[in-house]
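Asks: Sharing a model prediction with you, sequence too.
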Amino acid sequence: MSPLLLSLAFVAFQNSATTPAPVNNEWWMNRHRAMVEVANKGEAKLVFIGDSITHAFAGEPDTGDSFHNRGKDTWDLYFGEDKPLNLGISGDRTQHVLWRLEHGEMGKCKPKVAVIMIGTNNVSSNTPEQIAHGVEAVCEKVKSLTPSTKILLLGVFPRDKANSTARKSILDINERLKAWAPMHHVLFFDIGYTFLDANDEIPTDVMPDLLHPMAYGYRKWAMAMEPTLARLMGRRAKTNLDSRNSAVVPVTQDRDYRTYDWATRFKLTKQYALDHPCRLAFIGDSINHFFGGPPIDRGLKSVNKIWETYYGGRDAVDLGFGWDRTENVLWRLEQGELDNMPLEAVSLMIGTNNLFLNTPEQIRDGVQAILGKIRQQKPRAQILLLAIFPRGQRPDDAGRLEAIKVNRLLSQLGRERNVTFMDIGAKFLEPDGTISREIMGDFLHPTYKGYQIWAEAVEPWMKAHVRR
């Protein structure tokens with residue numbers, strides 16, 4: 001062999017990223033065996049291959065790991081029908097995945113698609129070129145085991161700070177994979193953008209440790225990938241919404257944990273629907289919540305007298321949740337909050353808590369997504385879309401001005417979506433445009449008198465659409 005070939009062979013031999021190797025501990029081996037057992041059933045139409053980022057998502061095999069199922073609601077909603085197999089193991093590098101694949105982890109499976117995302121754990125020990133070769137070897141191994149499977153190779157997700165050494169290495173890896181994939185019948189897709197803010201930093205609500213996604217991050221992953229994955233799977237996409245817009249990414253919330261348990265309230269509203277006929281629903285945030293309709297929680301002792309007067313005979317339910325944004329309402333609707341409600345009408349007012357986080361257009365898109373969910377789930381229900389109420393004591397308050405911008409877009413949205421749009425904000429204002437504490441004690445939440453104004457303003461619509 002010539003000196004040049006010997007040199008190249010030596011370099012290849014030295015690349016640990018392409019040399020299959022197990023992890024020698026019982027926990028790792030037990031998870032591997034569990035994967036082989038599920039794979040040998042041959043049922044999976046979709047396989048995810050990776051490390052802890054994949055491992056923690058959800059799905060079978062569930063080996064009882066404490067961090068597993070972080071994105072379970074997303075996994076079930078987007079992939080559940082495909083009997084997906086999760087071939088992720090925490091801490092794995094490309095060489096560990098290669099060993100696992102060589103030792104039966106594809107089993108009898110002939111999935112339509114294999115989603116591969118691996119390499120971040122190699123960053124500390126291999127060069128970007130070596131890691132890229134390791135990822136490429138994983139793709140080639142899957143192709144050799146199940147040639148009919150389409151491979152969706154995801155770019156290694158961003159990690160750490162924008163200017164970190166690891167982030168720079170990942171950018172290099174992804175550029176190499178992007179160039180390699182088209183020549184080897186692999187579809188490369190870099191969705192890293194969906195996890196970053198305008199400064200290319202990773203928000204902590206996406207990845208608290210700047211590496212591992214939590215529920216919000218997993219939903220962003222699924223949404224960003226869904227149109228492409230659906231095409232490869234040969235089905236209709238479950239969403240085409242922009243995962244970069246937080247206002248349309250369904251997620252739970254714990255911003256108001258000091259005064260009430262959000263998850264418990266969600267369970268309470270679902271149980272209420274099982275026990276009571278709900279023909280009219282008020283959907284929104286704390287402004288709706290403090291209207292004081294059933295189900296009662298958060299320190300309220302009884303139903304608000306105004307609510308009882310106007311809605312007591314209309315089987316109304318209060319689906320207001322303190323601090324909710326459009327994305328939280330979307331999650332509630334997606335998870336079946338309206339399922340057992342024979343709704344005749346819905347009053348929707350949401351978006352004030354998005355004002356300083358999203359653009360008016362993004363908030364509009366969030367409200368539009370909510371309207372779409374309501375229409376899909378309750379096609380016969382009439383919808384009243386309320387403008388965001390004025391806030392701040394003075395007319396030049398920043399929140400007031402932003403709400404005006406959003407409301408202009410919501411007015412147009414109402415016309416486009418054939419729902420009734422109503423802006424009753426002027427009824428809360430003094431002649432000079434200010435808000436008095438008599439109407440809104442904190443210049444945001446209505447007082448008893450404020451709720452009276454609200455109820456009277458929408459009553460003509462209610463009479464027309466909700467029988468007593």
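Replies: Perfect, I can see it now. Bear in mind that the values here come from a model prediction, so they are computed numbers and not experimental data.
Asks: Flag the shaky bits of this protein, pLDDT-wise.
Replies: 1-13, 255-259, 299 (pLDDT under 70).
Asks: domain assignment for it?
Replies: 3-244, 262-465 (automatic domain parsing).
Asks: chain center to the first one, what's the gap?
Replies: Its chain's average C-alpha position is 19 Å from that of domain 3-244, according to Cα atoms, centre = their mean, to the nearest Å.
Asks: one step back: residue 250 is nearest to which of the domains of the chain?
Replies: Ranking those by proximity to residue 250 (Cβ to Cβ) places domain 262-465 first, at 3.8 Å. For every residue, glycine as well, the C-beta is placed using N, CA and C.
Asks: Same list, the domains of the chain, but as CSV with mean neighbour count and distance to residue 253 please.
Replies: Below are the domains of the chain laid out as CSV (neighbours: other Cβ atoms under 10 Å; distance: least, Cβ to Cβ, whole Å):
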stretch, mean neighbour count, distance to residue 253
domain 3-244, 18, 10
domain 262-465, 18, 5
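Asks: which stretches of the stretch 51-200 of the chain form strands?
Replies: 85-88, 113-117, 150-154, 187-189 (DSSP state E, counting those that start in this stretch).
Asks: do the same with the stretch 351-468 of the chain
Replies: 382-386, 420-422.
Asks: would you list the ones you listed in CSV and tack on distance to residue 430?
Replies: Below are the strands of the stretch 351-468 of the chain laid out as CSV (distance: least, Cβ to Cβ, whole Å):
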stretch, distance to residue 430
strand 382-386, 21
strand 420-422, 21
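Asks: Out of those strands, the one nearest residue 43 is which?
Replies: Nearest to residue 43 among the strands of the stretch 351-468 of the chain is strand 382-386 (40.9 Å), distances taken as Cβ to Cβ.
Asks: Show me what the closest one pairs with in its sheet, parallel or antiparallel.
Replies: Strand 382-386 has the following strand partners under DSSP bridges: strand 345-349 (parallel), strand 420-422 (parallel).
Asks: Keeping just the C-alphas, turn the first one into PDB.
Replies: Pointing back at strand 345-349 there. Output in PDB follows, covering the C-alpha atoms of strand 345-349 (Å, rounded to 0.1, in the frame of the first residue of the first chain):
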ATOM      1  CA  ALA A 345     -71.900  30.000  21.300                       C
ATOM      2  CA  VAL A 346     -68.300  31.000  22.200                       C
ATOM      3  CA  SER A 347     -67.000  34.400  23.400                       C
ATOM      4  CA  LEU A 348     -63.300  34.700  22.800                       C
ATOM      5  CA  MET A 349     -61.000  37.400  24.100                       C
END
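Asks: can you tell me the helix or strand for residue 319?
Replies: Following DSSP states H and E, one finds residue 319 within strand 316-320.
Asks: so that strand versus strand 345-349, what angle?
Replies: 20 degrees (axes from the mean of the first three to the mean of the last three Cα atoms, to 10 degrees).
Asks: Report the contact partners of the residue minimising distance to the centre of the chain.
Replies: Nearest to the mean C-alpha position of the chain, by Cα atoms, centre = their mean, lies residue 219 at 3.2 Å. Residue 219 is in contact with 71, 74, 243, 249-251, counting by Cβ atoms under 8 Å, 6 or more residues apart in numbering.
Asks: which pair in the residues you listed spans the largest distance?
Replies: Maximum distance among these (Cβ to Cβ): 13.2 Å, for 71 and 243.
Asks: Chain neighbours aside, what residue packs nearest to residue 201?
Replies: residue 162 (5.4 Å; Cβ to Cβ, 6 or more residues apart in numbering).
Asks: Let me know whether that neighbour touches residue 197 as I believe.
Replies: No. Using Cβ atoms under 8 Å, residue 162 makes no contact with residue 197, being 9.5 Å away.
Asks: returning to what we had before: strand partners of the strand holding residue 319, parallel vs antiparallel please.
Replies: strand 280-284 (parallel).
Asks: Following element in sequence after the partner strand, please.
Replies: helix 286-289.
Asks: Now tell me what touches that next one from outside.
Replies: In contact with helix 286-289 (Cβ under 8 Å, 6+ apart) are residues 256, 282, 298, 318-324, 349, 352, 389, 444-446.
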